[in-house]
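A.B. asks: turn this into a structure:
(chains A, B and C)
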Amino acid sequence: MRLASFLAAATLALGASGALAAGKTQYPLTLENCGRQITFDKAPEKAVSIGQNSSEILLSLGLADRLAATAVWVGPVLENLKAANAGVPRISNNQPSFEAVVKTDPDLVAAQFVFDVGPNGVVGKREQFEELGIATYISPGDCIAKDNSMRDGARTKLFSMDLIYQEIAELAQIFDVQERGEAFIAELKQREAKAVASVAGGKAKDVSLLYWFSSSQLNGDAWVAGKFGAPGYITQVLGARNAVESGEEWPAVSWESIVGRNPTVIVVGTMDRRKFPADDPKVKIDFMEKDPVVSQIDAVKKKRFIELSAQAMNPTIRTIDGIETVAAGLKRLQLVD
Amino acid sequence: MSFSVRDVSWSAGGKLILDAVGLDVPEGATLGLIGPNGSGKSSLLKLLCRLRQPQGGVVTLGGDDLASLTRLAIAQRVAVVEQQAATLEELTVREVVALGRTPHRGRFSPWTAADEAILRRALDQVDLGGRGDQSWHTLSGGERQRVQIARALAQEPRELLLDEPTNHLDIQHQIEILALVERLPLTSIVALHDLNLAAAFCDLVLVLKAGRVVAAGPPAAVLTQGLLWEVFGVRAQIGRSTRAGRPHIQFLYDDPVRRP
Amino acid sequence: MTRRLGGWGPRALFALAGLAVLLAAIALAVSIGEIAIPPATTFKTLANRLFGAGYEVGRVQAGVVWEYRMSRALVAACCGGALALSGVVLQALLRNPLAEPYVLGISAGASTGAVGVMIVGFGAGALSLSGGAFLGALAAFALVLLLARGARGGSDRTILAGVAGSQLFNALTAYIVTSSADAEQARGVMFWLLGNLGGVRWPDVYLAAAVAAAGFAICISQARALDAFSFGEEAAAALGVPVARLRLVLFAATALMTAAMVSIVGSIGFVGLVIPHAARMLVGSGHGLLLPASALAGAIFMVLADILSRIVVPGQILPIGVVTALFGAPAFALLLYRARRPE
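C.D. replies: You can find the predicted model right below:
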């Protein structure tokens, strides 16, 4: 009996310390990230994040105090992160210069896009940062199964939220805040599961979705979501089809082609900026209802529009918002049970 | 009276090219413009067809002030043959000569039988009849010159201005062209370098030096030893041409020329 | 070596043949596209719209045929014709076989105007992309005219002024794009700069047709005068052509024609340079024939280029400027080769 209880106690103790051990990062930490080995001797103290998603992940992990600066923002920060973000200096909304980043004396640069930090990085190459002793972490979502020779790039495989969860977990590990990481991931997964469950019923497979982000000229070709990007993931997870077959993330597609595909639902991108007239969702809907050809397709005649924030169409934590919004929209339009 | 020039001056680039030039050209006459290079011969010709405007003085044509006539009116009466004509276009001899009919054709009027007859006659007059389909670019310098003259003739002008028309021609064609010009019932003003040709074929000669008229009149009166030395800087003897009443200049090649 | 057409009989025949080819090209353009529409449907749609026949046709397919493809083909035809026409006129006036519609700064200015509106926000929302492009084109043209003013605006000086003006405006465009444009805007601008018929609808057809018709009328009325330019301005003046007035009228006409077209479809290169030469090889240098022949040839070429731009790469539309260069350059090389002078 005493051996058994000793063993039980020992197991419990081991188990407990094991659980605690899982929560703390062992340094030196080596990770494989986008084709490179990165090593950390300790948790970074001053990080620069380039890319809104990277910034929002770090803020969500409660790391505002360890963020030296951020850059590359496409819209306002998430409401719940506003207060935390207020204290973090922002270098610029556009790509910062290499020196501007280095000036903040960081020990880690977390980037969302290979376009910004990568072999042909606009901000800098990974080697350039590493030469100065600055580690770099690139979002797996942008380098796994993706050809980044063009700006938006083209995916060879469907994007998955798993890539974002991987990013959150890895960043949490690097910064030694794994508990927060796990909690955050759990929350996002729960939201995703709930949204998917709300449209379960199989009818979604008859629905084809077209995501219209914007157009440089209203009458001209439209920037719509390809089938492998975040909108493609949203579509797949909800059991529907993407109206566009292209592997590019945001191909420019003619209205003749769109009309030919006859999408069931048109997801209209909303955003704050007004860079192009077509940025305005009202303008987009108005165009579709007034164009002599587009106005004749079912989706427009029956006003099957779902408005979705453009940021949710990016492969980021906001993709979960996207899943929720599109699911709700499909239910509203009574296309699923 | 055809052309009448009163006290005309013209400058270009700050330099005075023609200085108080005056002349009267009787109708039907063939006037030779002679003088050293830079004496203003070409410029005077350009003033006569109003390709340049005089800064002083008046040019009249048939009593009308040249400045008051429209370009079209001038072109219907005065034809010009430049020293060198060049084009990048693929044109045939016919097409070049046909250009001469431009002043007489309206915007949309078709090519008439009359136009055709005039064109053929012009070509025959320069001895290029039957070569209408040949490409301009395959012609020799002399042939091109003759085609341009044919073009000018196709304009049915009353006045013909020729700027050194014999420059590239074989001697036989030089003689032929000048004989033609002399024969035509037109008023012709020909800038020439060859003094003997001027003497032989021109009723009147006008001698220019540094933009001024030095002498004017029939060749026999104008072309003297003194003038040849003063204006042209050469020693010569004036003899008699095979053409009655015309002088023939025998240059004394071994005598020293005048240093400017 | 070159064919010459005498008399009105063969000319009329030739013109009719050209028109027939153009109509065939347009019919082809209307039948081919990104979505497969059965020829019967196309035929019925055209019959309905043109002759009021009462066939039943699917509204979407009929809409694509008429509202999208037909308007696009017609604008392409007008644009190709206008650019070729401008090319002929400028080559005659400037006596330079490399002259083309953009030599006076039009395209460069239009690009600056377009990026000005798209990126910097010129006109504060009141100016459309086309409006900005048009104003930019005129501004560049005015500058070039100003620079060319001295020394009687001789051809060489005019061309140099055009080069200077174009370089200036191209530099401005580059500056705006590199300093202020983000990747998206740069992408949008690029499509416009290479020519883009994607946004064309019927209102554009009316504008393009009116401009092309007016331009054609002005140019053809000066055909004789243009012939007179063969041996230079002085020779033309000596033949009774009011040179200064003619240059002004024709420069203005070609500039306005080109600026209008560029503002509708962006700058499509190659057509204005090469079609006049190809037409010359077919009908000779007489402008009475050359002008209509070039206009027709340009129209046909542009319609065919538009068709190619929509089918060459499946699922994607190439900028038409890329197609005109890619397919036009070898075609022209072939023409040159076959027309080479016998030794």
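A.B. asks: I'd say C:L296 and C:C78 touch.
C.D. replies: No. Contact criterion CB atoms under 8 Å: C:L296 and C:C78 do not qualify, at 11.9 Å. In this view, the C-beta of every residue, glycine as well, is placed from N, C-alpha and C.
A.B. asks: OK, contacts around the closest residue to chain C within chain B?
C.D. replies: Nearest residue of chain B to chain C, counting by CB to the nearest CB: B:A75, 2.9 Å away. B:A75 is in contact with B:102-103, B:155, C:238-241, counting by CB atoms under 8 Å, 6 or more residues apart in numbering or on different chains.
A.B. asks: try 10 Å
C.D. replies: When contacts are counted by CB atoms under 10 Å, 6 or more residues apart in numbering or on different chains, B:A75 touches B:49-50, B:69, B:100, B:102-104, B:155, B:157, C:228, C:236-241.
A.B. asks: on that earlier part again, mind checking which of C:L296 and C:C78 has more residues around it?
C.D. replies: When C:L296 and C:C78 are compared for neighbours, C:C78 comes out ahead with 30 against 24, by other CB atoms under 10 Å in any protein chain shown.
A.B. asks: of the contacts of B:A75, which is the nearest to C:R338?
C.D. replies: Minimum distance to C:R338 across the contacts of B:A75 is 29.9 Å, recorded for C:A228 (CB to CB).
A.B. asks: so how far is A:G226 from the closest one?
C.D. replies: Distance, C:A228 to A:G226, using CB to CB, to the nearest Å: 58 Å.
A.B. asks: please name the residues that touch residue 315.
C.D. replies: Going with chain A. Contacts of A:P315 by CB under 10 Å, 6+ apart are A:53, A:112, A:139, A:141-142, A:146, A:155, A:159-161, A:163-164, A:228-233, A:249, A:322.
A.B. asks: not quite, I wanted chain C
C.D. replies: Contacts of C:G315 (CB under 10 Å, 6+ apart): A:244-246, A:248, A:251, A:253, A:257, C:34.
A.B. asks: from these, which would you call buried?
C.D. replies: A:244, A:246, A:248, A:251, A:253, A:257, C:34 (16 or more other CB atoms under 10 Å in any protein chain shown).
A.B. asks: residues near B:L18, how many?
C.D. replies: Using other CB under 10 Å, the number of residues around B:L18 comes to 27.
A.B. asks: same thing with C:A329?
C.D. replies: 12.
A.B. asks: same deal with C:A84?
C.D. replies: C:A84 has 31 nearby residues by other CB under 10 Å.
A.B. asks: can you say which helix or strand has it in it?
C.D. replies: helix C:71-94 (DSSP states H and E).
A.B. asks: show me where the stretch 151-300 of chain A has helices.
C.D. replies: Counting by DSSP state H, counting those that start in this stretch, the stretch 151-300 of chain A has helices at residues A:161-174, A:178-198, A:230-237, A:255-261, A:281-290, A:298-301.
A.B. asks: among the ones you listed, which is nearest C:R224?
C.D. replies: Closest to C:R224 of the helices of the stretch 151-300 of chain A, according to CB to CB: helix A:255-261, at 44.7 Å.
A.B. asks: and that closest one, what does it pack against?
C.D. replies: strand A:208-214, strand A:222-224, helix A:281-290, helix A:298-301, helix C:59-63 (3 or more CB pairs under 10 Å, 6 or more residues apart in numbering or on different chains; DSSP states H and E).
A.B. asks: among the ones you listed, which is nearest chain B?
C.D. replies: Ranking the helices and strands packed on helix A:255-261 by proximity to chain B (CB to the nearest CB) places helix C:59-63 first, at 42.1 Å.
A.B. asks: please compute how far the closest one lies from its chain's middle.
C.D. replies: Chain-centre distance of helix C:59-63: 29 Å, with CA atoms, centre = their mean, to the nearest Å.
A.B. asks: correct me, but A:M271 touches A:A310?
C.D. replies: Yes. If you go by CB atoms under 10 Å, A:M271 and A:A310 touch, sitting 4.3 Å apart.
A.B. asks: who's more crowded, those two?
C.D. replies: Of the pair A:M271 and A:A310, A:A310 is the one with more neighbours under other CB under 10 Å, namely 22 against 17.
A.B. asks: report the contact partners of the closest residue to chain B within the stretch 51-200 of chain C.
C.D. replies: Of all residues in the stretch 51-200 of chain C, C:P97 sits closest to chain B, at 5.9 Å by CB to the nearest CB. By CB under 10 Å, 6+ apart, the residues touching C:P97 are B:88-89, C:91, C:273, C:276-277, C:280.
A.B. asks: per-residue confidence at the residue of chain B closest to chain C?
C.D. replies: B:A75 is assigned 94 on the pLDDT scale.
A.B. asks: what about the closest residue to it other than its chain neighbours, distance to chain A?
C.D. replies: For B:A75, ignoring the flanking residues on the chain, the nearest one in space by CB to CB, 6 or more residues apart in numbering or on different chains is C:G240 at 2.9 Å. From C:G240 across to chain A, the span is 48 Å (CB to the nearest CB, to the nearest Å).
A.B. asks: quick check, C:G240 in contact with B:V80.
C.D. replies: No. Using CB under 10 Å, C:G240 makes no contact with B:V80, being 11.1 Å away.
A.B. asks: contacts for the helix or strand where B:E116 lies?
C.D. replies: B:E116 belongs to helix B:113-125 when assigned by DSSP H and E. Outside helix B:113-125, the residues that touch it by CB under 10 Å, 6+ apart are B:93-94, B:97-98, B:100-101, B:104-105, B:109, B:111-112, B:128-132, B:146-147, B:149-156, B:176-177, B:180, B:183-184.
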